[in-house]
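Colleague: Generate a structure from the sequence data that follows.
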Amino acid sequence: MSADPARTAAFHILLEVETGGYASDLLHARTANLDPRDAGLASELVFGVLRFRAQLDFILSRLTKGKLDLEVRTILRMGIYQLRYLDRIPPHAAVSTSVELVKRARKRSAAGLVNAVLRKVDRDPVAWPDRATRLCQPEWLLAGWERQFGAGVAERIARAFLAPPETYVRAAAPSPGLEPTGIPGCYRVTGAVPAGLRIQDIGSQSIVPLLELAPGQTFLDLCAAPGNKTAQALESGVDCVACDLHLRRLRELRRLGCGLVVLDAARPLPFRRLFDRILVDAPCTGSGTLGRNPEIKWRLAPSAPAELHGLQQSILRNALGALKPGGRLVYSTCSLESEENEAVVAPFCVVRTERRLPGLQPGDGFFAAVLA
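Modeller: All right, here's what the predicted structure looks like:
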């Protein structure tokens, strides 16, 4: 049997994710030259396995004994996902391609195991052992969301993260395949993404309007990379300085034509002038983006939100020192955790806060606070 390009790409991407890679970046790099159908299947397999990993591993634990090599476990996860969650793939194809893949992964001795295990997989209902497995989320995250938002909302958030996210873009005007939203310039994609438009989640696009930007204002974007919010702010005609800790990431913003500064925003800022508007899109756990970046939930430690709190508060304190009297600053994260949101802004003069919760509002989860 010839190599299957979609499953081969998905297999290698999932292995790289295990060592710290990010699925979206790896898919973009590894499937660029594939047939669109193969690229689509590779994406479905990668994100499906990452979203439903807890369920896949529970099923796997009932069908196998002993420790499995990572390569074999990854191929079995892919096979179980195809057999239980994908209607368009015939069972014999899911089994045979998995057996071939394990041989090509130089794990030929496991071919019989893979074949035997996958032939036992069915679509019968499963009594999951706990809600963490049923909802495919770490229990500590579920417990935190339940404390903050209630059990019903926590369940809706978790379920929303198991569905493929919708795509939104920035556009100057509507066109076929684009549906307007309540945010000016933000459109939901209902077909293929039109060429030349910047993909940016609706949650991300909801932050910049809170700054109330106007032409000629001085604007500081302290944690700018990858630059989506910077580009959105520049639409308002502001005089912009964009900053980031990493030169490599900041180079991606050169196309925007604004001032660029490499700096550590957790240290005192080097600017002599003050700014009319400042955006602090702080580094965070990203727990509001688990539908788009499902690998994050398996990496985060329960201590992560509290550990980021001090860094976020230092950045915010330094940013406020660069704000003009009467100016406006927006602090935002794509996190759902209170340690990174309300607890960070509590000591400061907060004018208003906004929150977006997956399952209740479209798009990723975001928190924003407007400070004077």
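Colleague: Flag every buried residue along whatever helix or strand L260 lives in.
Modeller: Under the criterion DSSP states H and E, the helix or strand holding L260 is strand 259-262. By 16 or more other C-beta atoms under 10 Å, the buried positions in strand 259-262 come out as L260, V261. C-beta: built from backbone N, CA, C; applies to glycine.
Colleague: Show me the contact partners of it.
Modeller: C240, V241, A242, C243, D244, L245, H246, L247, L250, L253, R254, P270 (C-beta atoms under 8 Å, 6 or more residues apart in numbering).
Colleague: now do stretch 116-123
Modeller: By C-beta under 8 Å, 6+ apart, stretch 116-123 touches I59, L60, L63, T64, L76, G79, I80, L83, R84, A94, V95, S98.
Colleague: which stretches of this protein have low pLDDT?
Modeller: The model of the chain has pLDDT under 70 over residues 1-3.
Colleague: ok, now which ones touch N228?
Modeller: So N228 contacts R198, Q200, S204 (C-beta under 8 Å, 6+ apart).
Colleague: Looking at these, which one is closest to R356?
Modeller: Comparing these against R356 with C-beta to C-beta places S204 closest, at 9.8 Å.
Colleague: starting at the chain centroid, how far to the helix or strand harbouring that closest one?
Modeller: Secondary structure assignment for S204, by DSSP H and E: helix 202-205. Here helix 202-205 is found 12 Å from its chain centre; the criterion is C-alpha atoms, centre = their mean, to the nearest Å.
Colleague: Now do the buried residues in it.
Modeller: So for helix 202-205, counting by 16+ other C-beta under 10 Å, buried means I202, G203, S204, Q205.
Colleague: returning to that earlier point: please pick the buried ones from the contacts of strand 259-262.
Modeller: Buried among these (16+ other C-beta under 10 Å): C240, V241, A242, C243, D244, L250, L253.
Colleague: taking those residues one by one, which sit in strands?
Modeller: Members of the buried ones among the contacts of strand 259-262 lying in strands (criterion: DSSP state E): C240, V241, A242, C243, D244.
Colleague: now the contacts of N228 in TSV, with distance to R30?
Modeller: As requested, these are exported to TSV (distance: C-beta to C-beta, whole Å):
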residue	distance to R30
R198	22
Q200	23
S204	25
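Colleague: Which residue ranges of this structure form strands?
Modeller: Going by DSSP E, the chain shows strands at 168-170, 178-180, 186-189, 198-199, 218-221, 239-244, 259-262, 275-281, 323-333, 350-356, 366-371.
Colleague: Which elements pack onto the longest one?
Modeller: Using 3 or more C-beta pairs under 8 Å, 6 or more residues apart in numbering; DSSP states H and E as the contact test, the elements touching strand 323-333 are strand 275-281, helix 304-320, strand 366-371.
Colleague: Those into a markdown table, with extra columns for mean neighbour count?
Modeller: Below are these laid out as a markdown table (neighbours: other C-beta atoms under 10 Å):
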| stretch | mean neighbour count |
| --- | --- |
| strand 275-281 | 25 |
| helix 304-320 | 19 |
| strand 366-371 | 24 |
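Colleague: closest one to I157 among those?
Modeller: strand 366-371 (12.8 Å).
Colleague: Give me the angle between the closest one and strand 275-281.
Modeller: 150 degrees (axes from the mean of the first three to the mean of the last three C-alpha atoms, to 10 degrees).
Colleague: Now strand 366-371 - C-alpha only, PDB.
Modeller: Output in PDB follows, covering the C-alpha atoms of strand 366-371 (Å, rounded to 0.1, in the frame of the first residue of the first chain):
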ATOM      1  CA  PHE A 366     -11.500  36.800  26.100                       C
ATOM      2  CA  PHE A 367     -11.400  39.200  29.000                       C
ATOM      3  CA  ALA A 368     -10.800  42.900  28.700                       C
ATOM      4  CA  ALA A 369     -10.600  45.800  31.200                       C
ATOM      5  CA  VAL A 370     -10.600  49.500  30.400                       C
ATOM      6  CA  LEU A 371      -8.400  51.400  32.800                       C
END
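Colleague: helices or strands up against that strand?
Modeller: strand 323-333, helix 342-345, strand 350-356.
Colleague: The ones you listed: which one's closest to R37?
Modeller: Taking the helices and strands packed on strand 366-371 one by one with C-beta to C-beta, strand 350-356 is closest: 33.4 Å.
Colleague: got the buried residues for the closest one?
Modeller: So, applying 16+ other C-beta under 10 Å, buried residues of strand 350-356: R355, R356.
Colleague: got the angle for that strand vs strand 323-333?
Modeller: Using the same axes, to 10 degrees: strand 350-356 against strand 323-333 is 20 degrees.
Colleague: which strands and helices sit next to strand 350-356?
Modeller: strand 366-371.
Colleague: List the contacts of the strand it packs on.
Modeller: Residues contacting strand 366-371 (C-beta under 8 Å, 6+ apart): 203-204, 206-207, 210, 288, 316, 320, 328-336, 340-342, 345, 348-356.
Colleague: thinking again about what came up before, quick one: contacts of the helix holding S204?
Modeller: Against helix 202-205 from outside (C-beta under 8 Å, 6+ apart): 168, 170, 181, 183, 185-186, 188, 228-229, 232, 288, 334, 356, 361-366.
Colleague: from those, which would you call buried?
Modeller: Among the contacts of helix 202-205, those buried by neighbour count (16+ other C-beta under 10 Å) are 168, 170, 181, 183, 185-186, 188, 228-229, 232, 288, 334, 356, 362-366.
Colleague: of the contacts of N228, closest to C136?
Modeller: S204 (24.0 Å).
Colleague: Please report how far that closest one lies from A214.
Modeller: 21 Å (C-beta to C-beta, to the nearest Å).
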